[in-house]
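Engineer: Fold the following for me, if possible:
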Amino acid sequence: MGTTQLESVPEPKYWHLRTVLSEALDSEFTVGEILPNERDLAARFGVARATLRQALEQLELEGRLQRRRGVGTTVAPPRVGVDVGAGRQAWPGASEDAWQPVDCTVAAPPPAVADALGTDRDEAVHIVRRSRVSHGQPVAAELLYVPAASVPGLTAIDAPSGAPRARAVLRELERLELEGQDRAVELGSARADDAKELDRLPGAPVLVVTTRFFTQGRTAALSLATYRADTCRLTFGASGNVEIHHGPERQAS
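Structural biologist: Alright, predicted model coming up:
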C-alpha cells in the first residue's frame, strides 16, 4: 500500500479514507490477508489514528474487513449469496447444496414451529442441524425440522445418530415430491447458541431465513437458517453470484 496524503476534501476525512482503503483492498490485498497495524496505516495516509479507526469500522460494517481475536484486522471474503428468489426450488441436501450436516436429534420443536408444521406441540420431530462455511469461516447455521410423517421409511438401522443420521433424514425427504416452498427473511440478533456457532458476540446482527417445504398439500419440513449479516447478502434470480463492492451511498435499495 503506497503512501497517500489526504488533502482537504469536502467529505469527512474518514469517509474519503474509507474509499481509498476500499480500492486498496480490491487491488493490493487477498482474502484473509492481515492489514498493517494502525500506527503504520495512520502514518502512510497522514491521518490521526482516530480517523483511521472510523474508516476501518465503516469497512467492517460493510463486510469488507473482519477483526479476529488474536489475529488482527483481515480482508473479508466475498459475501455469501442468500438466494431468496422464487426460481430454484429443491429439498435441503439436494445437489449444489452448500450446507454440511452436523447432527440430528429427536425432540419437540418450539410451539411456533409445531404450529407451522401442523404437528401437536408435544410431538417429537427430527431436528437436523447443518452449517455453512465460506473460506474456512462459519457464515450460517440451520435447524431443519422434519416431522416423522415426512420420512416414514427412516429407521434407526439407517444411521443411529450424528451427521450420518442427518444425511439419512435428508435422503428420505428427497423421496417426496416437492410441490413448492416459501421463504421469509427478517433481520434479527444472534442468540447465545447461534453466536457461539457463528463466532460472533451475542446480539450481533443476523439474517434469519425461514423456509417451508410443501408436499401433498402440507408442510413437510421447515428450515430456520441464521446467517451472519456481515458476511451475507440477499440475492434474487440468476444473477445472485455477481459480487460488486459499493459504498452504502451507491447501493440500490
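
Engineer: rest of the way, CA atoms for contacts and neighbours
Structural biologist: Fine.

Engineer: ok, Gln181 to Ala221 distance?
Structural biologist: Noted for Gln181: a distance of 10 Å to Ala221, by CA to CA, to the nearest Å.

Engineer: Compare neighbour counts for those two and give me the winner.
Structural biologist: Ala221 (25 against 19; other CA atoms under 10 Å).

Engineer: got the contact list for the closest residue to Glu179 other than its chain neighbours?
Structural biologist: Spatial nearest neighbour of Glu179, chain neighbours left out: Thr215 (5.0 Å); criterion: CA to CA, 6 or more residues apart in numbering. By CA atoms under 8 Å, 6 or more residues apart in numbering, the contact set of Thr215 is 176-180.

Engineer: Same question for Gly153.
Structural biologist: Glu172.

Engineer: Can you tell me the element it falls in?
Structural biologist: Secondary-structure assignment from DSSP states H and E places Gly153 in no helical or strand segment.

Engineer: mind checking how far it is from Val47?
Structural biologist: Taking CA to CA, one finds Gly153 at 66 Å from Val47.

Engineer: pLDDT value on the nearest residue to Ala116 once chain neighbours are set aside, please?
Structural biologist: Sequence neighbours aside, Thr219 is the residue nearest to Ala116 in space, at 7.4 Å (criterion: CA to CA, 6+ apart). pLDDT recorded at Thr219 is 96.

Engineer: Now that Thr219 has come up, it's in contact with Ala114, right?
Structural biologist: No. With contacts defined as CA atoms under 8 Å, Thr219 does not count as touching Ala114, sitting 10.5 Å away.

Engineer: So Arg183 lies in a helix, does it not?
Structural biologist: No. Arg183: not assigned to a helix; according to DSSP: H, G, I helix; E, B strand; the rest coil it is strand.

Engineer: Mind jotting down where the strands sit in the stretch 1-150 of the chain?
Structural biologist: Taking DSSP state E, counting those that start in this stretch, the strands of the stretch 1-150 of the chain run over residues 65-68, 72-75, 80-83, 100-107, 125-134, 137-146.

Engineer: got these as JSON lines, with mean neighbour count columns?
Structural biologist: Rendered in JSON lines, the data for the strands of the stretch 1-150 of the chain read as follows (neighbours: other CA atoms under 10 Å):
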{"stretch": "strand 65-68", "mean neighbour count": "18"}
{"stretch": "strand 72-75", "mean neighbour count": "18"}
{"stretch": "strand 80-83", "mean neighbour count": "18"}
{"stretch": "strand 100-107", "mean neighbour count": "18"}
{"stretch": "strand 125-134", "mean neighbour count": "21"}
{"stretch": "strand 137-146", "mean neighbour count": "22"}
